[in-house]
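# Mind folding the following:
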Amino acid sequence: MSRIGFKPIALPAGVTLVLKDNVATVKGPKGEVSVHVPADVSVEVADGFAHVKPVAVANDEKIQSQENHGTTAANLRNAIHGVSEGWKKELVINGTGFRAAVKGKTLSMFLGYTNEVVVEPLGPFTKIVCLDETHVNVEGVDKQQVGQTAALIYDSHRPDVYANKGVHYVGQHLIKKIGKRAAATTAGAPAGAPAKK
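As a prediction, this is how the structure comes out:
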């Protein structure tokens with residue numbers, strides 16, 4: 001049984017949830033998100049809470065039904081959080097001459113390539129904000145769309161393990177390596193002697 005699925009989901013003030021044709025539409029101050037509800041799961045709203053319950057199915061479909069139960073509850077919880085508080089991903093751009101700017105709704109980045117890299121936000125309620133030329137925020141109501149938009153920006157130029165340049169998430173643990181030449185120079189130096197420059 002899904003422990004996550006049986007936990008009631010609180011609906012904050014100003015957030016509504018309407019179920020129609022196996023689609024739950026969650027609306028709030030920041031926008032709206034649609035969540036697919038499988039046929040083997042039911043959603044009920046009562047006293048300011050959303051209750052997700054599994055529907056009785058055949059034994060050979062029971063495992064899939066339990067998985068759908070927990071997944072649907074998690075998706076609804078993410079949607080409610082998104083329309084009330086929103087989701088955000090923060091990224092940093094490092095590198096000489098590397099910079100970003102928002103043109104309309106799209107993000108234009110210069111990352112050392114011949115041409116600029118352009119990324120468009122996914123979904124109508126997702127937006128890209130440039131705090132400055134090297135700090136980019138992706139904000140929106142749909143957790144999947146926010147994460148996917150941030151992933152497109154991240155994949156434009158992943159962090160270089162040798163040079164301190166590229167795009168990375170704020171708080172991301174970066175693995176850095178010294179170059180082969182520097183490693184060879186350090187390894188060939190006698191004990192106690194300073195490394196050659």
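# can you count the residues close to the spatially closest residue to Val23 that is not a sequence neighbour?
Nearest non-adjacent residue to Val23, counting by CB to CB, 6 or more residues apart in numbering: Ser34, 5.5 Å away. All C-beta atoms are positioned from the backbone trio N, CA, C, and that covers glycine. Number of residues near Ser34 (other CB atoms under 10 Å) recorded here: 12.
# after the helix or strand hosting Ser34 comes which helix or strand?
Assigned by DSSP states H and E, Ser34 belongs to strand 31-36. Sequence order places strand 41-46 as the next helix or strand after strand 31-36, per DSSP H and E.
# and that next one, C-alpha only, in CSV?
Output of strand 41-46 as CSV, limited to C-alpha atoms (Å, rounded to 0.1, in the frame of the first residue of the first chain):
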residue,chain,number,x,y,z
VAL,A,41,-7.6,5.9,-8.7
SER,A,42,-10.3,8.2,-7.3
VAL,A,43,-9.9,11.8,-6.1
GLU,A,44,-12.3,13.4,-3.7
VAL,A,45,-12.3,16.9,-2.2
ALA,A,46,-13.8,17.5,1.2
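# Just the angle for that strand relative to strand 31-36, thanks.
Orientation check (axes from the mean of the first three to the mean of the last three CA atoms, to 10 degrees): strand 41-46 against strand 31-36 gives 140 degrees.
# Quick check: buried residues in strand 41-46?
41, 43 (16 or more other CB atoms under 10 Å).
# helices or strands next to it in the packing?
strand 16-20, strand 49-54, helix 62-84 (3 or more CB pairs under 8 Å, 6 or more residues apart in numbering; DSSP states H and E).
# Rebuild those as CSV, extending it with mean neighbour count, distance to Val170 and mean pLDDT.
Shown next, in CSV, are the helices and strands packed on strand 41-46 (neighbours: other CB atoms under 10 Å; distance: least, CB to CB, whole Å; pLDDT from 0 to 100):
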stretch, mean neighbour count, distance to Val170, mean pLDDT
strand 16-20, 14, 32, 92
strand 49-54, 18, 32, 90
helix 62-84, 19, 20, 90
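# Return the longest strand in this structure, judged by number of residues.
strand 87-94 (DSSP state E).
# The following helix or strand past that one: partners in the sheet, and parallel or antiparallel?
On the C-terminal side of strand 87-94, the nearest following helix or strand under DSSP H and E is strand 99-103. Here strand 99-103 has these sheet partners by DSSP bridges: strand 106-110 (antiparallel).
# that older thread, switch the helices and strands packed on strand 41-46 over to TSV; also include distance to Thr185.
Output for the helices and strands packed on strand 41-46, formatted as TSV (distance: least, CB to CB, whole Å):
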stretch	distance to Thr185
strand 16-20	63
strand 49-54	61
helix 62-84	50
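# what bits of this structure have low per-residue confidence?
1-2, 57, 60, 182-184, 186-197 (pLDDT under 70).
# got the phi/psi numbers for Glu120?
The phi/psi pair for Glu120 (degrees, to the nearest 10) reads phi -100, psi 140.
# what's Asp40 in contact with, if anything?
By CB atoms under 8 Å, 6 or more residues apart in numbering, the residues touching Asp40 are 54-55, 57, 61, 64-65, 68-69.
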